[in-house]
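Q: Next come a sequence and a model predicted from it.
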Amino acid sequence: MDLQNITKKLDAYERLMRLDKPIGILLLLWPTLWALWLASRGVPDWITLLIFITGAVLMRSAGCVMNDIADRKYDGLVERTKNRPLATGEVGVNEAYLLAAGLAVAAFCLVVLFNQKTILLSFAALFLAATYPFTKRFLAIPQAYLGVAFGFGIPMAFAAVNDYIPPLVWALLTTNVFWAMAYDTEYAMVDRDDDVKIGIKSSAIFFGKYDVIAVMICYAMMLSLLVYIGQFMGFNKLYYIGLGAALVLVCRQYFLIKNRDKTNCFKAFLQNNWIGLAIFIGLAAQYNFRGAF
């Protein structure tokens with residue numbers, strides 16, 4: 001294989017892993033970082049932090065490959081996904097299986113540096129990542145399952161830092177489920193017409209004409225749970241300033257999706273990165289500057 005073909009193949013692998021579209025990594029990473037800061041009381045070990053960031057990149061990449069393997073017969077029928085490497089034949093199915101396995105093994109090699117509880121949780125995380133693509137065949141709201149899969153770094157972070165999973169973890173995981181239902185419904189609104197044609201289920205289809213209000217209710221539940229967590233932890237004003245910034249960004253989401261324009265719905269989905277960042281900044285600030293307030 002000459003250099004040009006190698007370059008093309010590497011480019012196809014990059015697109016298969018969605019490394020050219022980092023939004024998924026960020027949406028997976030923010031709740032994990034929230035959990036790391038909570039578990040470590042604002043002072044995470046830098047090696048632990050680096051391992052979780054790297055693990056998020058690896059597992060999101062593996063999840064994308066597994067998703068495209070499961071959807072390879074459907075992606076060619078959807079306008080937005082018809083040029084994905086498996087759909088076009090740029091990458092073979094066996095290659096994709098090997099790539100997914102290699103990414104998962106690399107992630108597991110990082111996890112074994114932690115305690116037994118974290119290692120056991122990593123198997124559950126892998127199961128969720130591998131099975132999520134198939135939930136779109138039978139679950140009316142697969143976005144809820146995605147929220148669990150994308151939030152499983154939360155219990156893993158607490159287990160890695162404290163070797164203990166407090167009840168707070170489940171409140172934070174539920175928060176992420178509502179957040180994922182909100183942003184992935186916006187994403188699903190883009191593909192709704194194609195999904196109906198090919199028989200794929202999504203929250204956008206399930207909610208129908210109530211999709212916009214359902215998205216906003218999910219955001220409201222997410223923010224309400226974060227307020228509850230803040231009250232439970234006795235957080236200071238800086239945390240709530242972060243939540244206030246997130247609320248402003250959520251209000252902007254409404255104006256982007258209210259007319260169900262596909263371009264704006266996708267833009268709304270992408271802007272969820274800033275919501276996750278605003279929450280993280282408030283959380284980090286309340287630990288680092290609590291004496292000032």
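A: Arrived safely, thanks for sending.
Q: doesn't Ser61 make contact with Arg18?
A: Yes. Arg18 lies in contact with Ser61 (Cβ atoms under 8 Å); the separation is 6.9 Å. Using the backbone N, CA and C atoms, a C-beta is placed for each residue, glycine as well.
Q: Neighbour count: the two, which is higher?
A: Ser61 (25 against 19; other Cβ atoms under 10 Å).
Q: what's near enough to touch the closest residue to that one other than its chain neighbours?
A: Nearest residue to Ser61, sequence neighbours excluded (Cβ to Cβ, 6 or more residues apart in numbering): Met17, at 3.8 Å. Met17 is in contact with 61-62, 64-65, 99, 103, counting by Cβ atoms under 8 Å, 6 or more residues apart in numbering.
Q: Looking at the residues you listed, state which has the most neighbours.
A: Going by other Cβ under 10 Å, Val65 tops those with 28 neighbours.
Q: surely it meets Ala104?
A: No. Here Val65 does not reach Ala104: they are 9.3 Å apart, not a contact under Cβ under 8 Å.
Q: circling back: give the phi and psi angles for the residue nearest to Ser61, as a check.
A: phi -80, psi 0 (degrees, to the nearest 10).
Q: again, but for Gly234
A: Dihedral angles (degrees, to the nearest 10) for Gly234: phi 70, psi 40.
Q: which intervals of the chain have sub-threshold pLDDT?
A: 1, 290-293 (pLDDT under 70).
Q: List the residues that contact Met59.
A: The contact partners of Met59, taken as Cβ under 8 Å, 6+ apart, are 28, 103-104, 107, 125-126, 129.
Q: if we go to 10 Å?
A: 25, 28, 103-104, 106-108, 110-111, 122, 125-126, 128-129, 149-150, 152-153 (Cβ atoms under 10 Å, 6 or more residues apart in numbering).
Q: Likewise for Arg72?
A: 81, 84-87, 89, 91, 93, 96.
Q: One more: Asp191?
A: 78-81, 198, 200, 202, 204-205, 262, 265-266.
Q: same deal with Lys136?
A: Listed by Cβ under 10 Å, 6+ apart, the contact set of Lys136 reads 67, 70-71, 74, 142-143, 145-146, 188, 195, 199-202.
Q: Weed out the non-buried ones from the contacts of Asp191.
A: Neighbour counting over those (16 or more other Cβ atoms under 10 Å) leaves 78, 81, 200, 202, 204-205, 265-266 as the buried ones.
Q: Next, show the common contact partners of Arg18 and Ser61.
A: Common neighbours of Arg18 and Ser61 (Cβ under 10 Å, 6+ apart) are 24-25.
Q: Which stretches in the stretch 151-293 of the chain count as helices?
A: Listed in chain order, the helices of the stretch 151-293 of the chain (DSSP state H, counting those that start in this stretch) span 153-162, 168-198, 203-207, 211-233, 237-257, 262-270, 272-288.
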